[in-house]
Structure formats: C-alpha cells, structure tokens
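J.: The following block contains a protein sequence and its predicted model.
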Amino acid sequence: MIAIPQCLDFADARMTKEICEFYMKMLKIKNNEICLHSQQVANYAASTAAKLGLPASEVSLIKTAALLHDIGQLSVPNIILNKLPFLSTREQSIYKRHCIAGASMLENIPGFTVVCDIISSHHEKWDGTGYPKRLKGQNIPIGARIIAVANYYDRNINPCTQHWQKTHADAITELQDKAGLDFDPAIVKAFIESIIPQQARG
C-alpha cells in the first residue's frame with residue numbers, strides 16, 4: 001500500500017493526493033525500490049521538520065515534496081539506475097538530470113511551486129558543491145536540506161543492493177562527518193534526535 005500524506009496543506013488536497021498516488025504508482029512500476037525509498041524519506045523528512053518546530057503546513061508540504069523527490073527518475077533509463085553507483089561520466093550526467101526533470105513534471109500544477117523548488121534542490125550541498133545549481137547554505141530551501149539528509153540516510157541503510165547496506169551507527173557517523181560539508185548541521189542534529197533510537201546513537 002502506498003503511504004500518501006493524509007493532511008495536505010494545499011488549496012485542493014484531494015487533487016494533491018491524486019497526483020501523489022499517480023506518480024507513486026508510476027515509480028512502483030518503474031522501480032519498486034525507489035517507490036519504497038520515497039515513502040521512507042517522506043516519513044523521515046516529516047519527523048525531522050516537526051522536530052525543527054516548523055509549522056504544520058510546512059511539514060505537510062515538505063512531506064509531499066519528499067514523497068515526490070525522485071519522480072524525475074522516471075526519465076532515467078533502468079540500465080543506468082541498475083548500475084548505481086558505478087556510472088560513467090555520461091551516465092552520471094544523465095542521472096543528475098532527475099532533479100530538474102522531477103520539478104518539470106509538476107511545474108504547471110497550481111500550488112506546487114514550492115514543491116518544485118524543493119525537488120529540484122534536493123541534491124544541493126551545504127558547502128555549494130552539489131547539483132544542479134551549486135546552491136550553498138541558506139540559499140538551499142529548508143525542505144531540500146531536510147530531504148538531503150533523509151535521502152542519504154535511507155540510501156545507506158536501505159540501499160537497492162545489500163552489498164551497500166550499512167548499520168544505523170555507521171550511517172549516523174557518516175551524517176555527522178558530513179555535517180557542515182554536505183548537510184546543514186542543524187538538520188543533521190534534528191534528524192538524529194527525531195529518527196534514530198537512543199540506543200543506536202552510541
């Protein structure tokens with residue numbers, strides 16, 4: 001069953017839910033692992049946003065953006081997705097387009113402007129070395145900064161191939177090491193406090 005946000009702060013919540021359900025069904029057909037990953041990231045992102053004390057309406061919006069953050073991968077050939085992370089320079093270039101592609105799929109839908117901005121920015125890095133626009137620090141939408149942390153964590157503990165699976169403790173250590181470089185330190189802290197059980201923090 002696809003987990004769709006139940007409380008959506010949009011002018012037409014019913015339409016928003018239908019859009020989410022449509023794209024999640026397409027992702028499930030394309031690649032079930034990406035579909036499950038998107039649901040996990042949405043839950044992590046919502047918990048982190050709430051921990052940061054953001055308004056309920058913003059938490060809902062960020063959860064929606066997180067659920068849809070990888071819909072741009074519908075445009076990436078499976079032969080490339082199945083090779084991750086071993087991509088050639090050309091394949092890496094194609095893969096990186098999924099951020100903009102995802103935002104483009106939603107850009108003409110009323111009320112989705114902020115969601116599009118978050119989706120297009122979820123691979124930006126705190127130090128400005130990310131993509132597609134090399135945004136830095138506070139210039140990255142807070143929703144994208146939250147999704148970046150949740151996305152990294154889930155990719156490491158629940159990857160598409162078990163060869164890349166890491167422990168919760170290893171993933172936490174890596175997040176902490178990358179705080180201030182790849183990720184907003186305040187969001188890493190809130191993520192760990194809201195998502196990871198105390199016993200797993202070490």
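T.: Structure's in. What do you need?
J.: Return the residues in contact with the residue sitting nearest the centre point of the chain.
T.: Most central in the chain under CA atoms, centre = their mean is Ile147, positioned 3.9 Å from the mean C-alpha point. The contact partners of Ile147, by CB atoms under 8 Å, 6 or more residues apart in numbering, come to Val41, Ala45, Ile62, Ala65, Ala66, His69, Ile118, His122. C-beta here means a position set from N, CA and C on the backbone, and glycine is covered the same way.
J.: The fifth one and Ala46 touch, don't they?
T.: Yes. Taking CB atoms under 8 Å as the definition, Ala66 is a contact partner of Ala46 at 7.3 Å.
J.: Following element in sequence after the helix-or-strand element of the chain with minimal mean pLDDT, please.
T.: Ranked by mean pLDDT, DSSP states H and E, the weakest helix or strand in the chain is helix 13-30, scoring a mean of 88. With elements assigned by DSSP states H and E, the helix or strand that comes after helix 13-30 is helix 32-51.
J.: helices or strands next to that following helix in the packing?
T.: helix 13-30, helix 56-67, helix 142-157, helix 185-195 (3 or more CB pairs under 8 Å, 6 or more residues apart in numbering; DSSP states H and E).
J.: residues in contact with it?
T.: Here helix 32-51 makes contact (CB under 8 Å, 6+ apart) with 2-3, 5, 24, 27-28, 58-60, 62-70, 73, 81, 143, 146-147, 149-151, 153-155, 158, 160, 187, 190-191, 193-195.
J.: That one vs helix 185-195, what angle?
T.: 100 degrees (axes from the mean of the first three to the mean of the last three CA atoms, to 10 degrees).
J.: what comes up buried for helix 32-51?
T.: Buried residues in helix 32-51, defined by neighbour count with 16 or more other CB atoms under 10 Å: 34-51.
J.: do stretch 66-79 as well
T.: Buried residues in stretch 66-79 (16+ other CB under 10 Å): Ala66, Leu67, Leu68, His69, Asp70, Ile71, Gly72, Gln73, Leu74, Val76.
J.: what does stretch 126-140 give?
T.: Residues Trp126, Gly130, Tyr131, Leu135, Ile140 are the ones in stretch 126-140 that count as buried (16+ other CB under 10 Å).
J.: what two of those are the furthest from one another?
T.: Trp126 and Tyr131 (13.4 Å; CB to CB).
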